[in-house]
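Engineer: Would you be able to build a 3D model of this:
(2 chains)
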Amino acid sequence: MTEHAPSDREPEVERLLRALRRTAGFRLFTVAVDDPHGAEELLSAVAASGAVVHRVHFDHSMQLSLESHGALLTERLLAPLIDPARIPLNASIVALDLANALPRDEPVWLWLFERLNERRNVVTATVRRPLLLLASNTTLHWFAGSSPDFWSVVSAHFDCAPAGEATVHPPTPRGAVSAREVGALLREAAALEESSRQHAGAHPEARAAQMLEAFERRAAAAEAMPGDPTLRDEAVRSAIEASESALQADQPDRALVAMERAAPLASAADGALRARAWRALAHLHDVRGDTTRAQRYRDRAEALAEPPTTAAPTAGECAVRREAPTPNGAYRREACVARPALEKKVAERLWEQRQPTALVGAHGCGKSWLLDRALDGRTTAGRRVHVDLDALPRAPR
Amino acid sequence: MSTSTSTRSPAPPDDFLRSFAESFAAALPQSPGRALREYLDEWVERILETALVAGELVVTFDVGVDPLTSPPWHRLEGLLRSWTDRKAEPPWGGLQLALCASGEAGAVRDSMQSSAFEFPIQVGALEEDAVSDLVARFSLPGGSLEVRAVVDATGGDVGPLVACLHAMARDGLGAHDALDPRRNVALADVLAPLRRWLTEPRRMQVLRGVAAHPGAPLQGNARAVADSLATAGRVAMDRGGWRLRRSVYAALASAEPGS
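Structural biologist: Numbering: from 1, shown residues only, chains lettered A, B, ... in the order given. Prediction:
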């Protein structure tokens, strides 16, 4: 068990309790915990707040295999979420505790998460209460990759793991490549690169073709696991090498296609590698005679290589840039911008005119946050009740 | 709680109200297994008690546009209105209702006319203050003009907007590149579900038609398809013709990125 000061995660626990108090109906919350003991402590804290927690858990110590344990896992972990009779009537929160999932059992958990994804609508309709998914960051990473549709409805993420553990950056799988196929793609890429080295000097066309094939595989792997910086950087390096090979084989068009494909990946890479990619693109555009684009990429590369004309960004500023909200990422209050005019309008309507107040806007545009700001300091948790009408079943029209 | 209050509970029980009462009761200390009327009575009673002790109680709702247009909502809305109409009677003045409605502003406004939530406040695209705050906080390249261009192109639709701002903050992309799904992989990811939704040939055909010929009228089946696209927020009727609602969705009508 990892030892850590309770104060490490107290604010997150408080935030979680606050969110639970405000939630009626189904909401999915992911909670990163360090180990089973951490999960137990957290559930105790939730229970101490007055909630009745129904814990769904599979206690085991043996290594899991699909053949031996698939049906058992379905019975212990999936069935309790899709069978209303197995959720106690007085339970106000359902907790799916996977804190004991181990890396050695990864294929089994990936399989379970895929089944969970298939039945997400049934789970949503059955649970009808806040659902906590407690697991390590690694397990949550698997969940995000294998259960992307279910992951997409995560209302909030709470990091109750100790500060030393990496924060989860869920992958967003794209296309037909699943996380499970990534390993095979990487092995094929390595074999192609090895083979291309044998053609070095003698058969430039064959070498270029193999390097480009290798890059395609590395790019597909990186795109399937966008949260993995190693895969991303390897794909960018592969693109640069492949484009150089293609240029040696007098195939500038193919080189450019590869680098253009790698550009979105390169834009997320660190400064040195990004600058290298931009210089490669500048060179390719030069070869094709497109001096405007070449200059544009050259400028980008130089901007990365030289210090800015104003004061260099501080470490804090860099951190802020990296902390920008991610698409489909969990809601983070500290990332919200202030909207004082709207906040004032909402507060006036609520507290001066004392009128029922409705905020209208696109999903996720910050309505609830505005309301929170307007209610801050005026209500305590016990004097505010939140109802999610979308979680209610529809009566026939 | 007085008896007269409980007898004024409007709206006959139905599945929606039953679920409403149950979900509300789940947010409060509850006794399972009670009848619907008891749930509602207990709820109102708790509101009164809390309002008497604390001075005010706030009930907040989250709702999408679909429930707002359904008969159950109208019955529930009648219940809420009856409470607000009583605000002159102590302790009902201590009750405050707030609702966050997600959806196209026009559709939501239509469904809320003559409800307790008249004159909703629209939370739309970012104001100048918010844009300046964004630029300063995340050191966005190009300043407010670039951010404003992204806000305009996405119409403030949160998924594409955040994908673009994220690429600008993290990767230093300008607005032009951030709005190009071939350059901005995060934007391509956000648009991917919509692209899959559009694989139905008629939807794609109509979207391409609207993108290529903005303002053109549509008839028959094409009109029906356009209506479904409008419901999903992709196109809009404008003076008899159809237009893309957001320029960022033009990418959906083009070829697959990378192809």
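Engineer: C-alpha from now on. contacts and neighbour counts both.
Structural biologist: OK.
Engineer: where in the stretch 51-200 of chain B is pLDDT low?
Structural biologist: By pLDDT under 70, the low-scoring segments of the stretch 51-200 of chain B are B:51-56, B:65-67, B:69-73, B:75, B:90-91, B:104-108, B:113-114.
Engineer: so where do the helices sit in it?
Structural biologist: Along the stretch 51-200 of chain B, the stretches classed as helices by DSSP state H, counting those that start in this stretch are B:65-68, B:71-85, B:105-112, B:128-138, B:143-154, B:158-171, B:175-178, B:185-197.
Engineer: now the stretch 251-397 of chain A
Structural biologist: Using DSSP H, counting those that start in this stretch, the helices found in the stretch 251-397 of chain A span residues A:252-266, A:271-288, A:291-305, A:315-322, A:340-347, A:367-375.
Engineer: rewinding a little: of all the helices of the stretch 51-200 of chain B, which lies closest to residue B:97?
Structural biologist: Nearest to residue B:97, of all the helices of the stretch 51-200 of chain B, is helix B:71-85, at 8.2 Å by Cα to Cα.
Engineer: so who does the residue found closest to residue B:133 once you drop the neighbours it is linked to in the chain touch?
Structural biologist: Among residues not flanking residue B:133 along the chain, residue A:337 sits closest, at 6.1 Å (Cα to Cα, 6 or more residues apart in numbering or on different chains). Shown in contact with residue A:337 (Cα atoms under 8 Å, 6 or more residues apart in numbering or on different chains): B:130, B:133, B:134.
Engineer: cool, residue B:80 as well?
Structural biologist: residue B:116.
Engineer: Could you dump the contacts of residue A:337 into a markdown table with neighbour count added?
Structural biologist: Shown next, in a markdown table, are the contacts of residue A:337 (neighbours: other Cα atoms under 10 Å in any protein chain shown):
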| residue | neighbour count |
| --- | --- |
| B:130 | 18 |
| B:133 | 17 |
| B:134 | 23 |
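Engineer: Include distance to residue A:155 when you put the residues you listed into CSV, please.
Structural biologist: Listed next are those as CSV, based on distance: Cα to Cα, whole Å:
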residue, distance to residue A:155
B:130, 24
B:133, 25
B:134, 23
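Engineer: Residue A:218 belongs to a helix?
Structural biologist: Yes. The assignment for residue A:218 is a helix, going by DSSP: H, G, I helix; E, B strand; the rest coil.
Engineer: and the chain, what are its domains?
Structural biologist: Picking chain A for this. For chain A, the structural domains run A:6-159, A:179-305, A:335-380, going by automatic domain parsing.
Engineer: my bad, the chain I had in mind was chain B
Structural biologist: According to automatic domain parsing, the ranges for chain B are B:3-112, B:128-192, B:198-253.
Engineer: that older thread, can you say which of the helices of the stretch 51-200 of chain B is packed in most?
Structural biologist: Here the criterion is mean neighbour count by mean count of other Cα atoms under 10 Å in any protein chain shown, and of the helices of the stretch 51-200 of chain B the winner is helix B:158-171, at a mean of 26.
Engineer: what is the orientation angle of that one with helix B:185-197?
Structural biologist: 160 degrees (axes from the mean of the first three to the mean of the last three Cα atoms, to 10 degrees).
Engineer: Next, the angle from helix B:158-171 to helix B:128-138.
Structural biologist: 40 degrees.
Engineer: Quick one: check helix B:158-171 for contact with chain A.
Structural biologist: Yes. Using Cα under 8 Å from any Cα of the partner chain, helix B:158-171 reaches chain A at B:158, B:159, B:160, B:162, B:163, B:166, B:169, B:170, B:171.
Engineer: what packs against that helix?
Structural biologist: Applying 3 or more Cα pairs under 8 Å, 6 or more residues apart in numbering or on different chains; DSSP states H and E, we find helix B:158-171 packed against helix A:315-322, helix B:143-154, helix B:175-178, helix B:185-197.
Engineer: can you tell if the longest one touches chain A?
Structural biologist: The reference is to helix B:185-197. Yes. Using Cα under 8 Å from any Cα, helix B:185-197 reaches chain A at B:185, B:186, B:189, B:190.
Engineer: what does the second one give?
Structural biologist: No. For a cut-off given as Cα under 8 Å from any Cα, helix B:143-154 has no contacts with chain A; the smallest distance is 11.7 Å.
Engineer: Also the shortest one?
Structural biologist: No. Helix B:175-178 does not reach chain A (Cα under 8 Å from any Cα); its nearest approach is 9.8 Å.
Engineer: Residues touching that helix, excluding its own?
Structural biologist: Applying Cα under 8 Å, 6+ apart, the contact partners of helix B:175-178 are B:146, B:147, B:149, B:150, B:164, B:165, B:167, B:168, B:183, B:184, B:187.
Engineer: The helices and strands packed on helix B:158-171: which one's closest to residue A:244?
Structural biologist: For residue A:244, the closest of those is helix B:185-197, at 23.9 Å, according to Cα to Cα.
Engineer: counting contacts, what elements does the closest one pack onto?
Structural biologist: helix B:158-171, helix B:250-253.
Engineer: would you list the ones you listed in CSV and tack on distance to residue A:223?
Structural biologist: Below are these laid out as CSV (distance: least, Cα to Cα, whole Å):
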stretch, distance to residue A:223
helix B:158-171, 15
helix B:250-253, 19
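Engineer: Distance to residue A:157 for the helices and strands packed on helix B:158-171 - can I get that in CSV?
Structural biologist: Below are the helices and strands packed on helix B:158-171 laid out as CSV (distance: least, Cα to Cα, whole Å):
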stretch, distance to residue A:157
helix A:315-322, 18
helix B:143-154, 26
helix B:175-178, 26
helix B:185-197, 19
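Engineer: Of those helices, which is nearest residue B:63?
Structural biologist: helix B:185-197 (22.1 Å).
Engineer: Check which element follows that closest one along the chain.
Structural biologist: Downstream of helix B:185-197, the first helix or strand assigned by DSSP states H and E is helix B:201-212.
Engineer: Could you check the angle that following helix makes with helix B:185-197?
Structural biologist: Going by the same axes, to 10 degrees, helix B:201-212 makes 130 degrees with helix B:185-197.
Engineer: Which SSE is immediately downstream of helix B:201-212?
Structural biologist: Following helix B:201-212 in sequence, per DSSP H and E, is helix B:220-231.
Engineer: Output the contacting helices and strands for that following helix.
Structural biologist: So helix B:220-231, by 3+ Cα pairs under 8 Å, 6+ apart, packs with helix B:201-212, strand B:235-238.
Engineer: which outside residues touch that helix?
Structural biologist: Counting by Cα under 8 Å, 6+ apart, B:202, B:203, B:206, B:207, B:218, B:235, B:236, B:237, B:242 sit against helix B:220-231.
Engineer: Would you mind writing the ChimeraX command to select the buried ones in these?
Structural biologist: If you want just the buried ones from the contacts of helix B:220-231 in ChimeraX, going by 16 or more other Cα atoms under 10 Å in any protein chain shown, the selection is:
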select /B:203,206,207,218,235,236,237,242
